[in-house]
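Chemist: pasting the sequence and the predicted model now:
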Number of protein chains: 2
Amino acid sequence: MNAKRMLLETALAHFAEDGYEGASLQKIAEEVGIKKPSIYAHFKGKDDLFLCSLKNALKEEKRRITRFFISRKDQPLDRRLSELLAFLQEEYNRSSESKFVLRMSFFPPSSLYDEVMKLIYPFLDSMERRVLRLMEQAKADGTAPIANPEDAAVAYMTLVDGIMIEMVYSGMASAKRRLKASWPIFWAGIQASKT
Amino acid sequence: MNAKRMLLETALAHFAEDGYEGASLQKIAEEVGIKKPSIYAHFKGKDDLFLCSLKNALKEEKRRITRFFISRKDQPLDRRLSELLAFLQEEYNRSSESKFVLRMSFFPPSSLYDEVMKLIYPFLDSMERRVLRLMEQAKADGTAPIANPEDAAVAYMTLVDGIMIEMVYSGMASAKRRLKASWPIFWAGIQASKT
DNA sequence: TTTAAACTACCTAACGGTCGTTAGGAACAT
DNA sequence: ATGTTCCTAACGACCGTTAGGTAGTTTAAA
């Protein structure tokens, strides 16, 4: 139907799978069912297609996370945070978007490094700030005796990356194993630790 | 001097920086000071060069980690483990090898996926087993009251990845921040947590 | 309401460039 | 004499991109 949308979707999957340099406009066009030069009716070139895909993916990802937090508004912090990890795992499995975002955060095409980072940093920052806010709130209202919210938020982001990375190269089973092992340690640690 | 050695070294850096598809034999040869086809006097092709580089990098990396543990044989477990994290950070900054291993663990060229994984899994496994052994030992001789060595080892590996990944995309400063925030939480957590 | 212009979305053909790779030969060491 | 290590030249394949054309749709003036 809408070719532009299909292009964005397909390109996303290819970039996620093969990286920027490894992805081929030929194959993307083929999968969409048009010829390679027709892409240029919708995008200025490969860079443009890539950056548009990335913007889309980030927007979508952010929206999903926001919705997740809203849907668990009334649950205690530990459930919300540990379930977010599980949620991200599911998302990663279900769609290429998380994989794409993850890959491009870690290994952006060197030719587009600055532009990619300008998009990704605010995304990660906003996620960390959101977690920090939750930690502070939980500490303030006594829900959870968090010793140091700043460190707790940073450590949580570290945990997210460590688990998501395991998703990337070993798949769901290993990542679940990490989550299961790491979460109790993390949660116990942020309440016990003194900096 | 030894062209083969220089090729391996240079290729490593290029693969780490640009990925498998993004790296060019042309540029690698140029940097070494020979012409592109001369590479074929030493390697069967790009695949071969890549896999040889990877093997070398893994061997070297493993050797370094072993040496590190030996050099800190008499220190308490928490210092040994937290300093290993700092050590890996330094290594990552100093040489391309860690970056290469990291990148190829996470995003191997899809055409060589199986062969890459066959090399990398044992490496990561052996590291985890080494950590597990240390945890069990510390628990047994009472040095550190670790509740669950298996989970502790898995969580430690998660921590390693989370911190190293931050190395990749935000550099040393952010990674140190993560280490500083996460380590006390981790260490407190593995002693307090019940599974 | 018709008609002409403009625009959109696709096509085929082809461009220049880079890719990894091979052939074949020269210099040199074993 | 054989093998190693480099070279130049060139191959075919694929890359992203552009030119130029053709339908079909929308827009706007007659």
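Modeler: Cool, got the structure.
Chemist: ok, and the closest non-adjacent residue to residue A:123?
Modeler: residue A:58 (5.1 Å; CB to CB, 6 or more residues apart in numbering or on different chains). For every residue, glycine as well, the C-beta is placed using N, CA and C.
Chemist: downstream of the helix ranked longest in chain A, the next helix or strand is which one?
Modeler: Determined from DSSP state H, the single longest helix within chain A is helix A:113-140. Downstream of helix A:113-140, the next assigned helix or strand under DSSP states H and E is helix A:149-170.
Chemist: and the angle from that following helix to helix B:113-140?
Modeler: Relative orientation of helix A:149-170 and helix B:113-140, computed by axes from the mean of the first three to the mean of the last three CA atoms, to 10 degrees: 130 degrees.
Chemist: tell me which residues of helix A:149-170 come out buried.
Modeler: A:149, A:151-170 (16 or more other CB atoms under 10 Å in any protein chain shown).
Chemist: and if you look at stretch A:37-55?
Modeler: A:39, A:42-43, A:46, A:49-54.
Chemist: what's it in contact with?
Modeler: A:3-4, A:7-8, A:11-12, A:15, A:20, A:25, A:28-29, A:100-101, A:104, A:109, A:111-112, A:115-116, A:119-120 (CB atoms under 8 Å, 6 or more residues apart in numbering or on different chains).
Chemist: flag the shaky bits of chain A, pLDDT-wise.
Modeler: Flagging of chain A using pLDDT under 70 yields the residue ranges A:1, A:193-195.
Chemist: number of nearby residues for the residue of it found nearest chain B?
Modeler: Chain A approaches chain B most closely through residue A:189 (2.9 Å), counting by CB to the nearest CB. Residue A:189 is flanked by 27 other residues according to other CB atoms under 10 Å in any protein chain shown.
Chemist: just the element for it, please.
Modeler: Per DSSP H and E: helix A:172-192 holds residue A:189.
Chemist: packing partners of that helix?
Modeler: The elements that helix A:172-192 packs onto, with contact taken as 3 or more CB pairs under 8 Å, 6 or more residues apart in numbering or on different chains; DSSP states H and E, are helix A:77-94, helix A:149-170, helix B:149-192.
Chemist: could you redo those helices as JSON lines and give each row distance to residue A:129?
Modeler: Below are the helices and strands packed on helix A:172-192 laid out as JSON lines (distance: least, CB to CB, whole Å):
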{"stretch": "helix A:77-94", "distance to residue A:129": "14"}
{"stretch": "helix A:149-170", "distance to residue A:129": "8"}
{"stretch": "helix B:149-192", "distance to residue A:129": "15"}
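Chemist: closest one to DNA strand C among those helices?
Modeler: helix B:149-192 (22.5 Å; CB to the nearest atom of the strand).
Chemist: so how far is the closest one from its chain's centroid?
Modeler: 14 Å (CA atoms, centre = their mean, to the nearest Å).
Chemist: tilt between that helix and helix B:77-94?
Modeler: Using the same axes, to 10 degrees: helix B:149-192 against helix B:77-94 is 110 degrees.
Chemist: so does the longest helix of chain A get close to DNA strand D?
Modeler: No. For helix A:113-140, no contact with DNA strand D is found by CB under 7 Å from any atom of the strand; the gap never falls below 13.9 Å.
Chemist: for that helix, name the packing helices and strands.
Modeler: Packing partners of helix A:113-140 (3+ CB pairs under 8 Å, 6+ apart): helix A:46-71, helix A:77-94, helix A:96-106, helix A:149-170.
Chemist: export those to a markdown table and tack on distance to DNA strand C?
Modeler: Output for these, formatted as a markdown table (distance: least, CB to the nearest atom of the strand, whole Å):
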| stretch | distance to DNA strand C |
| --- | --- |
| helix A:46-71 | 12 |
| helix A:77-94 | 27 |
| helix A:96-106 | 20 |
| helix A:149-170 | 23 |
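Chemist: DNA strand D contacts on chain A?
Modeler: Residues of chain A lying near DNA strand D (CB under 7 Å from any atom of the strand): A:23-27, A:36-37, A:39-40, A:45-47.
Chemist: of those residues, which belong to helices?
Modeler: A:25-27, A:46-47.
Chemist: now the two most distant members of those residues.
Modeler: Greatest spatial distance among those (CB to CB): A:27 and A:47, at 17.4 Å.
Chemist: who are the contact partners of the residue nearest the centre of chain A?
Modeler: Nearest to the geometric centre of chain A sits residue A:98, at 4.6 Å (CA atoms, centre = their mean). Contacts for residue A:98 (CB under 8 Å, 6+ apart) come out as A:61, A:88, A:91-92, A:164.
Chemist: switch the cut-off to 6 Å
Modeler: A:91-92 (CB atoms under 6 Å, 6 or more residues apart in numbering or on different chains).
Chemist: please report how far it lies from residue A:16.
Modeler: Distance of residue A:98 to residue A:16, given as CB to CB, to the nearest Å: 9 Å.
Chemist: residue A:54 too?
Modeler: Distance from residue A:54 to residue A:16, by CB to CB: 11 Å.
Chemist: repeat for residue A:36
Modeler: From residue A:36 to residue A:16 the distance is 20 Å (CB to CB).
Chemist: higher neighbour count, these two?
Modeler: Per other CB under 10 Å, whichever of residue A:36 and residue A:16 has more neighbours is residue A:16, with 22 against 13.
Chemist: my read: residue A:85 touches residue A:178, true?
Modeler: No. Shown here, residue A:85 and residue A:178 do not form a contact pair, counting by CB atoms under 6 Å, at 9.4 Å.
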